[in-house]
Structures are given as structure tokens and as C-alpha cells.
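Chemist: got a predicted structure plus its sequence, pasted below:
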Amino acid sequence: MKDMNIKIIGESPALQGVIRAAGLVASADVTTLICGESGTGKELLARLLHSKSQRSTNTFVALNCAALPEPLAEATLFGHRKGAYTGAADSQPGVIKAADGGTLFLDEIGELPLSLQAKLLRFLETGEFMPVGASSAVKVNARVISATNRDLYAEVQAGRFRQDLFYRLNVVPLQMPPLRQRLEDVEILLTQFTHSFATESRLAPPSYTKEALDTLRSYNWPGNVRELKNFCHRMTILLSGCLITVDNLPAEIKGTRHAMREGFSLLDMGLGLNEMEEELIRQALLRADGNRSKAARALGVSRDTLLYRLKKHQLG
């Protein structure tokens, strides 16, 4: 049955651009790769794609590749026949077969073992696969949407991900923005999550002072929407019906306010923006162990932008 309740909350241009692109991609029935940091809502976007597609009346099957125990990964994905291996007391169809006619969502695709990547590629190209212990191939018609928080291109260069599979998955890429690039959505999400949890728990929702809201909007939310959602749940339970001030916020969030007030100072001749930018880039590279893609994500910019800044500051 078609799910009419799939909604991604937010009004920021960064998010709305992705939602518009998803609306176009949904009806195309092509393989789609959703990229983005953990907690940005990649599975929710995949479900939105399914709900707006011609397959919406059929099943949506999600599999977290990072949670697959390698000895059972092939059987989980492709199924197995009775007696195919020790403990295989019954035949099982596998998740690909379960998604026949619908959508298969492969979350954290970058974690899929190399040994299975060639078999997945064959399925994507032919629609056929061989269950473990079977003597004949199975034909399945399923749309595949995958997601990753890794830089798959870098994984290809490092030999940890097949190049041919990367290009086959990356037919239409979609990028979910981190919450720090859509801070204007923080208050909208805060209100939605707080009232939802309060209603579910039959509690009075807490409210926030202006200073507390300003602090929340200034925090960079490294855990993205998932972190904000957990924060709202915690505040609703612990401070039901209360007016939340900055003093009630977790230490890591209050630290944002402190940094805003005391973290930078004006130089005698004005604010040294170039020096600040250079220092931030150095810190991001240090924390990312020199990985430029990770450093760019930490800074909230594209990799190309970071490369330009590195050249500008002659940081090599």
C-alpha cells in the first residue's frame, strides 16, 4: 500500500533542492546512490523515493550492509537452498527476492564485502543472481537504492570498492546535506520532534528561551538530525513542561555559546579572516588525519572548495 506519510522536514534551500531532485528521480526507476553523513536521513529519502515511484504499492526492503556478518552475508542478500551449508535447515529467499517488484535499499553500501560486490554487480546488470547452493539463477525485478556515508570514489582509489560497481550504483547520485548546512531548519525540527515525543509520552512539551534557541542554532550538530532528535527526546522526558535555558543544555552544546563569546578576538588592525580560515583548515586536516574529503565535510564545504582554499593558502 502506498505510504502517504513520508515527509522530510525542513525549508532550507539545501534540503529543498534535494527533495525536488528526488521527485524527478522517483519516477525514473533508475539505480540511485544517496550520499551523506550519518544521521542526515538517507533512509528517509530512500523511502520518499519509493513512495513517489511506480513501485510504491509494492514492498520496500532495507538492509544495513554494515550489520551483515560476513559468513552469512551472501545468504542474507541472495538467499540459500536447504542444506547449502551447516545450519541451513530450510531454504530462505534472501532480501533481493523479498524486494521483487518493489525497492531494495542497501544502506552503508561501502561496507559490503568485496567478495559480494561482483555478485551484486551481476544482479544490477542482468536482474539475475544465484542463491547459495542453487543450481539455477533467480530472476528478480527490483529497483536498487543504496546509501553511504563514505567517499566511495576514494574507496575505489584505495582498492576497497569495485570501480565498476561504483559507476553502476552512481547512475543518479543524491547528496543529503548535513544539519550544519541547514541550521535554519533546527527550530522547525526541534518543534516537530518535541511535540511528537510529548504526544507519544503524554507529557507537556518543554519550551526554550531565545538564548537557548540561538545556541541550538549555532551548534554544528555532528550527529546531524539523529542527534537533534535524541536531544529533543531527552529534553521532553527530563524537562517536561519546563522553560529550557542555556544552563539546561548539554555541555557540548553550551560550549558553542562560550566559543561564540570568547573563542575569537579582534586584532588591533581588524579581524584576521585569512589567518582564521587557514587555522580552521589546518585543524580540520589534523582531525581527519590528512583526508581531504573528511576535512571538507567537517568544514561544511565541498572537496573542490577545500582544494581551492588549500591552494590559496599554499597549504599543499
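Modeler: It's in. Numbering: from 1, shown residues only.

Chemist: least confident secondary structure element in this protein?
Modeler: Within the chain, confidence by mean pLDDT, DSSP states H and E is lowest for helix 251-262 among all helices and strands, at a mean of 65.

Chemist: could you identify the helix or strand that succeeds that one?
Modeler: Once helix 251-262 ends, the next helix or strand along the chain (criterion: DSSP states H and E) is helix 273-287.

Chemist: what residues sit buried inside that following helix?
Modeler: Neighbour counts using 16 or more other C-beta atoms under 10 Å place Glu278, Ile281, Ala284, Leu285 of helix 273-287 among the buried residues. (Each C-beta comes from the backbone N, C-alpha and C, glycine too.)

Chemist: adding pLDDT and distance to Thr305, write those residues out as TSV.
Modeler: Formatted as TSV, the buried residues of helix 273-287 follow (pLDDT from 0 to 100; distance: C-beta to C-beta, whole Å):
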residue	pLDDT	distance to Thr305
Glu278	76	14
Ile281	83	11
Ala284	79	12
Leu285	81	14
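
Chemist: return the member of the residues you listed nearest to Val171.
Modeler: Proximity of the buried residues of helix 273-287 to Val171 (C-beta to C-beta) peaks at Ala284, which lies at 31.2 Å.

Chemist: quick one: the nearest residue to the closest one once chain neighbours are set aside from Pro178, how far?
Modeler: In this structure, Ala284 finds its nearest non-sequential neighbour in Ala295, 4.0 Å apart by C-beta to C-beta, 6 or more residues apart in numbering. As judged by C-beta to C-beta, to the nearest Å, Ala295 and Pro178 stand 14 Å apart.

Chemist: same question, Gly36
Modeler: Gly36 is 7 Å from Pro178, by C-beta to C-beta.

Chemist: more neighbours: the two, which one.
Modeler: More neighbours surround Pro178 than the other of Gly36 and Pro178, with 23 against 20 (other C-beta atoms under 10 Å).

Chemist: what pLDDT is listed against Tyr308?
Modeler: pLDDT, Tyr308: 78.

Chemist: and what of Phe264?
Modeler: For Phe264, the predicted pLDDT is 50.

Chemist: what's the answer for Phe161, then?
Modeler: For Phe161, the model assigns a pLDDT of 96.

Chemist: all further residue positions should be reported with the first residue as 504.
Modeler: With the count now opening at 504, the last piece we talked about shows up as Phe664.

Chemist: spell out the secondary structure type for it.
Modeler: Phe664 falls in the coil class when you classify it by DSSP: H, G, I helix; E, B strand; the rest coil.

Chemist: can you give me the neighbour number for it?
Modeler: Neighbours of Phe664 (other C-beta under 10 Å): 23.

Chemist: next: Ala601.
Modeler: The number of residues packed near Ala601 is 16, by other C-beta under 10 Å.

Chemist: likewise the one 3 residues further on?
Modeler: Counted with other C-beta under 10 Å, the burial measure for Gly604 works out to 12 neighbours.

Chemist: look up how far His698 lies from the spatially closest residue to Gln695 that is not a sequence neighbour.
Modeler: The shortest distance from Gln695 to any non-neighbouring residue, by C-beta to C-beta, 6+ apart, is to Ile512 (5.4 Å). Distance, Ile512 to His698, by C-beta to C-beta: 12 Å.

Chemist: so Leu810 touches Arg795, yeah?
Modeler: Yes: counting by C-beta atoms under 8 Å, Leu810 touches Arg795, with 7.0 Å between them.

Chemist: settle it for me: which of those two has more neighbours?
Modeler: More crowded of Leu810 and Arg795, by other C-beta under 10 Å: Arg795, with 17 against 13.

Chemist: sorry, back to before: surely the residue nearest to Gln695 meets Asp688?
Modeler: Yes: the pair Ile512 / Asp688 is scored as a contact, 7.2 Å apart, by C-beta under 8 Å.
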